[in-house]
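> next one to model:
(chains A and B)
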Amino acid sequence: MKHKIITLISQIIANLFMIMFSITCIFPLVWMLYSSMKTQQEFSLDIISLPKVLHFDNFIAAIKVGKMHMFFGNSLFNSVISVILIILIGFIVAYFLSRYNFKLRNAVYVLFLFGMLVPVHSLLIPLFIQFKVLHLLDQRFTLIFPYVAFGLPMAVFLFESFIKSTPVEIEEAAYLDGGSTSTIIFKIVMPVCRPVISTILILSFLNSWNEFPFSLILLRKQSLKTIPIGLSNFNGQYTVNYPQLMAAMVIAVLPVIIIYLLFSKRVIEGMTAGSVKG
Amino acid sequence: MASKTLRPKGRVIAAYLAPGLLIYCFIVIIPLIISLIYSFYNYSGGASMKFIGLKNYQYLIKDMDFWNSFKNNLVIILLSMVGQVGIALVITALMISKLLKFKAIHRNIIFLPVVVSAIVVGFLWTIMYNKDYGLLNFVLKSVGLGSLIRPWLDNPKYVMFSVSMPIIWQYIGFYLVIFLSAVQGISPDIYESADLDGAVGIKRSVYITIPLLKDTLKVAVMLCIAGNMKIFDHIYVMTGGGPGTSSMVMAQYAYINSFIMFKLGYGSAISIGILVLSLTLILLSRKLWGGKDNEA
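Numbers count the residues shown, from 1 in each chain, chains lettered A, B, ... in the order given. Model prediction:
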């Protein structure tokens, strides 16, 4: 009897603690969401209350004045192109690394491993100089280069360990039937890798979408900037109008939240695999 | 495994690998070399470039602002070690103790901030720290702790604590899922025999799960060090390194030197400094942990 009561009490305490904890994790984001639909006056009178009427003027202002739609489009362009290239190139490199013992195999492997250890910020300055000399600053595709290069190591290692675990016999049979290397790679191996592809797709999309320092440094042209930069400009101009800033922030996080809500299991799995493997 | 039947020519392999290797070397390897070269020059972006040998490095070693920012990185690492890894461990222990309900929901909610961009988190917390419109002061006031209200981001004394909070808050979920996935890998047999021996509830977390998580813990500590050595976005948005240089971190310092003051040569030396310090710290933590058993 006494034992049961103790269990019950500890159950209540543990559950209460976790509920409180989860609330602190999610409430700031929920607060941002509903505050973005309040007028500035409403917000300054009472920061915590729910909006009386849902008020979308802040979003309209964020688009009209803050040009969030433009930054959104730029981020989308950069992310989509980068993701496609990361998957394609990463897959090819990983395929050869996992299937063949060519001369420089280990050198290539170590090269990509090294990329996971290099802190991005130690490359910002030389990359800026390099891009400046080659006139690659302020181009539509400027950011694609660093996004792909920094997405590659993770993609290569996830693909490599996956391909290694799949049997090689089908490929050998296809080869003996006269299939070319490209047929084998793209028609036979790639479809098998579908689960890994979706993991890499999600991870590299999130990384490209949220990336900040490269777009801060490599782009000066307003019309090319990405969403995180757009957001920091927006703040500079309208420091006082918090609901409007929050509307812009909601626009910035909407795609990642939607992806997370739809694929939370994959996102979580991918994040753990991607980081622990590295 | 490597196949003997499939054997395309070396030329074919090289052609397939070329795009990946080219773009990777162009963005990662060549800049590293450039960085090394420029760090021996006095260069501010114009046409004039003067070779000054090791002067940049001599200056860097004596540059108190640089070491102060390194110290701030260490402070964030320590606070995160306690905050992120520590809290994540506590929650992992609760999650496997059979006391909790709705575990998957809790896990999904706690992980949510991880996917949000650091810029948004930085802004969100700047607003939360705001004197008049901030959530934090509102909560403090409503629970009767109004006396604790501070200008959170404006006082050099506790600004490091204030900027670390959002970073900790954002990434607890990340360490939590790493620990949870490691726990799932532990064989249920161990728990069964533990049940027979009377190890239940929190006890079994402390005596069984956490010791078995040792390897994962190593990885988590290393990720924590590596992640916080390169912390930048949050600081850039919240304080820009201020007030003064009180919340300056290394990446922010390199940024200011190179792109605000246009000392690109010195900035390159700082970059190399960051690289060396980061790699040293990561290798050092590996050594310290791996000393007992010869793995990892």
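
> helices along the stretch 1-150 of chain B, start to end?
B:10-24, B:30-38, B:55-62, B:64-80, B:87-95, B:103-115, B:118-129, B:135-142 (DSSP state H, counting those that start in this stretch).

> from the structure, what's the count of residues near B:Ser181?
Using other C-beta atoms under 10 Å in any protein chain shown, B:Ser181 is surrounded by 16 other residues. Just so you know, the C-beta spots here come from the backbone N, C-alpha and C atoms, and that holds for glycine as well.

> distance of it relative to A:Ile268?
8 Å (C-beta to C-beta, to the nearest Å).

> how far off centre is stretch B:42-53?
33 Å (C-alpha atoms, centre = their mean, to the nearest Å).

> related to what we said a few turns ago, I'd like the helices of the stretch 1-150 of chain B laid out as CSV, including mean pLDDT and distance to B:Met49.
Output for the helices of the stretch 1-150 of chain B, formatted as CSV (pLDDT from 0 to 100; distance: least, C-beta to C-beta, whole Å):
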stretch, mean pLDDT, distance to B:Met49
helix B:10-24, 88, 27
helix B:30-38, 88, 8
helix B:55-62, 89, 13
helix B:64-80, 94, 22
helix B:87-95, 89, 48
helix B:103-115, 92, 43
helix B:118-129, 93, 34
helix B:135-142, 86, 48
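
> for chain A, what are the nearby residues on the stretch 51-200 of chain B?
B:91, B:94, B:97, B:99-101, B:105-120, B:123-125, B:127-128, B:130, B:132-135, B:138, B:169, B:172-174, B:177-178, B:181 (C-beta under 8 Å from any C-beta of the partner chain).

> just the buried members of those?
B:91, B:94, B:97, B:99-100, B:106-120, B:123-125, B:127-128, B:130, B:133-135, B:138, B:169, B:172-174, B:177-178, B:181 (16 or more other C-beta atoms under 10 Å in any protein chain shown).

> quick one, helices of the stretch 101-250 of chain A?
Using DSSP H, counting those that start in this stretch, helices in the stretch 101-250 of chain A cover A:105-117, A:124-133, A:144-164, A:169-176, A:181-183, A:190-192, A:194-210, A:213-218, A:227-237, A:242-277.

> what's the second one packed up against?
Here helix A:124-133 is seen to pack against helix A:213-218, helix B:30-38, helix B:250-255, helix B:264-290 when contacts are counted using 3 or more C-beta pairs under 8 Å, 6 or more residues apart in numbering or on different chains; DSSP states H and E.

> quickly compare those helices and say which is most buried.
Each of these was scored by mean neighbour count; the highest is helix B:250-255, a mean of 26, by mean count of other C-beta atoms under 10 Å in any protein chain shown.

> what's that helix in contact with?
Helix B:250-255 is touched from outside by A:119, A:121-122, A:124-125, A:213, A:217, B:65-66, B:69-70, B:73, B:229-232, B:235-236, B:240-241, B:267, B:270-271, B:273-274, B:277, with contacts defined as C-beta atoms under 8 Å, 6 or more residues apart in numbering or on different chains.

> what about that helix, average pLDDT?
If you average the pLDDT over helix B:250-255, you get 92.

> same check, this time on stretch A:49-63
86.

> and that stretch, how far apart are its ends?
25 Å (C-alpha to C-alpha, to the nearest Å).

> touching chain B at all, it?
No. On the criterion C-beta under 8 Å from any C-beta, stretch A:49-63 is out of touch with chain B, staying 11.0 Å away.

> now that stretch: buried residues?
Buried-residue list, stretch A:49-63, by 16+ other C-beta under 10 Å: A:Asn58, A:Phe59, A:Ala61, A:Ala62, A:Ile63.

> out of the residues you listed, which comes closest to chain B?
Using C-beta to the nearest C-beta, A:Ala62 is the member of the buried residues of stretch A:49-63 that lies nearest chain B, at 13.0 Å.

> by contact count, what packs against the helix or strand that contains the closest one?
Taking DSSP states H and E as the criterion, A:Ala62 maps to helix A:57-64. Under the contact criterion of 3+ C-beta pairs under 8 Å, 6+ apart, helix A:57-64 touches helix A:242-277.

> tell me which residues of the helix it packs on come out buried.
Buried residues in helix A:242-277 (16+ other C-beta under 10 Å): A:242-253, A:255-256, A:259-260, A:263-264, A:266-275.

> now stretch A:10-20: buried residues?
A:Gln11, A:Ala14, A:Asn15, A:Met18.

> touching that stretch from outside, list them.
With C-beta under 8 Å, 6+ apart, stretch A:10-20 has contacts from B:Ile91, B:Leu94, B:Ser97, B:Leu99, B:Leu100, B:Lys101, B:His106, B:Gly201.

> widest-spaced pair of the residues you listed?
Greatest spacing in the contacts of stretch A:10-20, by C-beta to C-beta: B:His106 and B:Gly201 (17.7 Å).

> which residue does the stretch 101-250 of chain B bring closest to chain A?
B:Ser117 (3.6 Å).

> relative to helix B:118-129, how tilted is the strand or helix carrying A:Lys4?
Element membership of A:Lys4, judged by DSSP H and E, is helix A:2-35. With axes from the mean of the first three to the mean of the last three C-alpha atoms, to 10 degrees applied, the angle from helix A:2-35 to helix B:118-129 works out at 100 degrees.

> next SSE downstream of helix A:2-35?
helix A:40-45.

> and B:Val28, what is it in contact with?
Here B:Val28 is in contact with A:Phe114, A:Gly115, A:Val118, A:Leu123, A:Ala149, A:Phe150 (C-beta under 8 Å, 6+ apart).

> can you check A:Met190 too?
Per C-beta under 8 Å, 6+ apart, neighbours of A:Met190: A:Phe91, A:Ile197.
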